[in-house]
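# No letters, just coordinates:
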């Protein structure tokens, strides 16, 4: 499992930003397409919103990689 630590002062990161930050996609366009195609799940449920706000404790699964968001 990978860990993504939120930047100081940030309450959340969006799903699209997270995929780019951990280098699972190369661009925002690639993130958007993958998310819309249902390739990402948040806390065990498929989510097709690239603007989905991820907060401390949320877990994302994308193409076999699990990422946990922490503060």
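Ah, there it is. Because the structure is a prediction, the values reported are computed rather than measured.
# Every contact and neighbour count from this point should use C-alpha atoms.
OK.
# Residue most distant from the centroid, the protein?
Going by Cα atoms, centre = their mean, the residue of the chain most distant from its centre is residue 9, 18.4 Å out.
# pLDDT at that residue, what is it?
Residue 9 carries a pLDDT score of 92 in this model.
# what do you get for the one 3 residues further on?
Residue 12 carries a pLDDT score of 97 in this model.
# what about it, neighbour count?
When neighbours are defined as other Cα atoms under 10 Å, residue 12 has 19 of them.
# quick one on the thing from earlier: for the residue farthest from the centre of the chain, give its distance to residue 22.
Residue 9 sits 19 Å away from residue 22, taking Cα to Cα, to the nearest Å as the criterion.
# now swap in residue 65 and tell me
10 Å.
# SS state for residue 3?
Secondary structure assignment for residue 3 (DSSP: H, G, I helix; E, B strand; the rest coil): strand.
# need the contact list for it.
Residues in contact with residue 3 (Cα atoms under 8 Å, 6 or more residues apart in numbering) are 67, 68, 69, 70.
# List the contacts of residue 43.
Contacts for residue 43 (Cα under 8 Å, 6+ apart) come out as 58, 59, 60.
# ok, now residue 12?
Residue 12 makes contact with 6, 53, 54, 55, 56 under the criterion Cα under 8 Å, 6+ apart.
# if you set the cut-off to 6 Å instead, what comes out?
Going by Cα atoms under 6 Å, 6 or more residues apart in numbering, residue 12 touches 53, 54, 55.
# Buried members of the residues you listed into ChimeraX, please.
Filtering these down to the buried ones (16 or more other Cα atoms under 10 Å) takes a single ChimeraX command:
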select :54,55
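# can you give me the strands for this protein?
Using DSSP state E, the strands found in the chain span residues 2-5, 13-14, 40-42, 45-46, 53-54, 59-62, 65-70.
# Including distance to residue 29, could these go into a markdown table?
Formatted as a markdown table, these follow (distance: least, Cα to Cα, whole Å):
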| stretch | distance to residue 29 |
| --- | --- |
| strand 2-5 | 21 |
| strand 13-14 | 14 |
| strand 40-42 | 15 |
| strand 45-46 | 19 |
| strand 53-54 | 18 |
| strand 59-62 | 16 |
| strand 65-70 | 20 |
